[in-house]
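Chemist: Generate coordinates for the sequence data below:
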Amino acid sequence: MTILITRPAPECHQLARQLNAAGISAIAQPLLDIQPGEQLSTLISQLNHLQPDDFLIAVSVHAVNLAHNYVTTQGVSWPKNVHYMAVGHKTAAALAECTGCEVLSPPTRCDSEGLLALPPLANLQGRRVLILRGNGGRELIYQTLQQRGADVSYCETYRRSWIALDGAQLCQTWQSQQVSSLVITSGEQLAHLSSLIPDDTKAWFLQCHLFVPSQRIADQARMLGFTTISTVESAANHHLFTTLSKIGTMG
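Modeler: Numbering: from 1, shown residues only. From the prediction side, this is the model:
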């Protein structure tokens with residue numbers, strides 16, 4: 001059994017190294033390249049518009065890291081009087097480290113739905129909400145918070161671009177390496193990877209054991225034809241490693 005990890009670098013390489021060190025065969029193939037976002041130059045102004053008890057929400061570690069790099073180079077501090085929130089535990093930890101503030105995140109369901117279920121976001125009449133994210137992605141948080149009365153804005157702190165890959169050649173390589181499990185951490189990755197797979201290798205692809213961080217992505221995978229799916233409930237590498245190492249020792 002070999003595990004294929006498709007999340008962006010450097011996390012994909014870090015997880016592969018961890019698994020290999022534990023005696024579990026794993027290879028990394030990022031699908032996306034992460035670069036600074038075009039809206040980074042507006043971040044300072046957007047932070048300055050936040051008032052006490054407004055909200056700042058980060059949707060990924062990349063959003064936090066690129067934002068913090070920019071804030072640091074500008075010699076600016078993160079505001080201390082706003083409510084910081086994050087979609088997942090890893091993102092919350094990164095945001096807390098950068099800001100020095102407490103960050104609230106969903107206790108279990110680490111996705112947009114889990115975040116929106118948190119009590120502080122129930123009534124946002126008259127509040128500003130700044131969302132740090134990448135280009136594109138789901139609009140659920142934005143739309144729902146607007147419906148709850150918030151003045152919501154985005155800052156796209158990073159830009160994702162697909163890496164040019166030869167799906168047919170990769171499939172040959174992966175099959176020769178006995179890939180039987182896949183780690184995919186976003187719905188976009190899943191859809192894109194599926195589009196790269198040639199028709200004559202779809203059967204192998206769909207028979208792989210798929211590991212995903214949320215029920216939403218698991219449902220998406222079932223619609224594509226996957227039958228063996230494990231929901232890890234987190235995209236953090238340490239959660240993925242714990243789950244994969246159990247499977248690896250069994251297999």
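Chemist: which residues sit in contact with the closest residue to Glu11 other than its chain neighbours?
Modeler: Distance criterion CB to CB, 6 or more residues apart in numbering; nearest residue to Glu11, sequence neighbours excluded, is Asn237 at 5.8 Å. Glycine gets a C-beta too; all of them are placed from N, C-alpha and C. Asn237 sits next to 11, 14-15, 18, 90 when contact means CB atoms under 8 Å, 6 or more residues apart in numbering.
Chemist: Run through the helices of the chain in chain order.
Modeler: Ranges of helices within the chain are 11-21, 43-49, 61-73, 89-99, 112-116, 140-147, 167-176, 187-196, 202-207, 215-224, 237-250, based on DSSP state H.
Chemist: How about the last one, which residues are buried there?
Modeler: Right, helix 237-250. For helix 237-250, burial by neighbour count (16 or more other CB atoms under 10 Å) applies to 237, 239-241, 243-244, 248.
Chemist: as a whole number, average confidence for it?
Modeler: What helix 237-250 shows for mean pLDDT is 78.
Chemist: likewise the fifth one?
Modeler: What helix 112-116 shows for mean pLDDT is 92.
Chemist: Repeat that for the third one.
Modeler: The average pLDDT within helix 61-73 is 96.
Chemist: before we move on, what about the second one?
Modeler: Mean pLDDT, helix 43-49: 97.
Chemist: contact partners of that helix?
Modeler: Residues outside helix 43-49 that contact it (CB under 8 Å, 6+ apart) are 56, 67, 70-71, 74, 76, 78-79, 128, 130, 153, 155, 157.
Chemist: in that helix, what counts as buried?
Modeler: Neighbour-count burial for helix 43-49 flags 43, 46-47 (criterion: 16+ other CB under 10 Å).
Chemist: Repeat that for the shortest one.
Modeler: Residues of helix 112-116 classed as buried by neighbour count (16+ other CB under 10 Å): 112-116.
Chemist: Leaving out the residues flanking it, which one is nearest to Gln74?
Modeler: Counting by CB to CB, 6+ apart, the residue nearest Gln74 is Ile44, at 5.8 Å.
Chemist: Could you report the distance from the one you found to Thr73?
Modeler: Distance, Ile44 to Thr73, by CB to CB, to the nearest Å: 11 Å.
Chemist: Over to Ala235?
Modeler: As judged by CB to CB, Ala235 and Thr73 stand 27 Å apart.
Chemist: more crowded one of the two?
Modeler: More crowded of Ala235 and Thr73, by other CB atoms under 10 Å: Ala235, with 26 against 9.
Chemist: okay but the more buried one is in contact with Gln189, surely?
Modeler: No - using CB atoms under 8 Å, Ala235 is not in contact with Gln189, being 10.5 Å away.
Chemist: what is in contact with the two at once?
Modeler: Common neighbours of Ala235 and Gln189 (CB under 8 Å, 6+ apart) are Arg7.
Chemist: before we move on, back to that, now render the buried residues of helix 43-49 as TSV, adding distance to Gln215.
Modeler: Shown next, in TSV, are the buried residues of helix 43-49 (distance: CB to CB, whole Å):
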residue	distance to Gln215
Leu43	32
Gln46	32
Leu47	33
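Chemist: which residue lies farthest from the center of the protein?
Modeler: Computed with CA atoms, centre = their mean, the residue of the chain farthest from its C-alpha average is Asp200, at 30.0 Å.
Chemist: Check what pLDDT that one gets.
Modeler: Model confidence at Asp200, given as pLDDT, is 95.
Chemist: any idea how far it is from Ser214?
Modeler: To Ser214, Asp200 is 30 Å away according to CB to CB.
Chemist: what does the model give the nearest residue to Ser161 once chain neighbours are set aside for pLDDT?
Modeler: Nearest non-adjacent residue to Ser161, counting by CB to CB, 6+ apart: Asp33, 5.1 Å away. Here, the pLDDT recorded for Asp33 equals 93.
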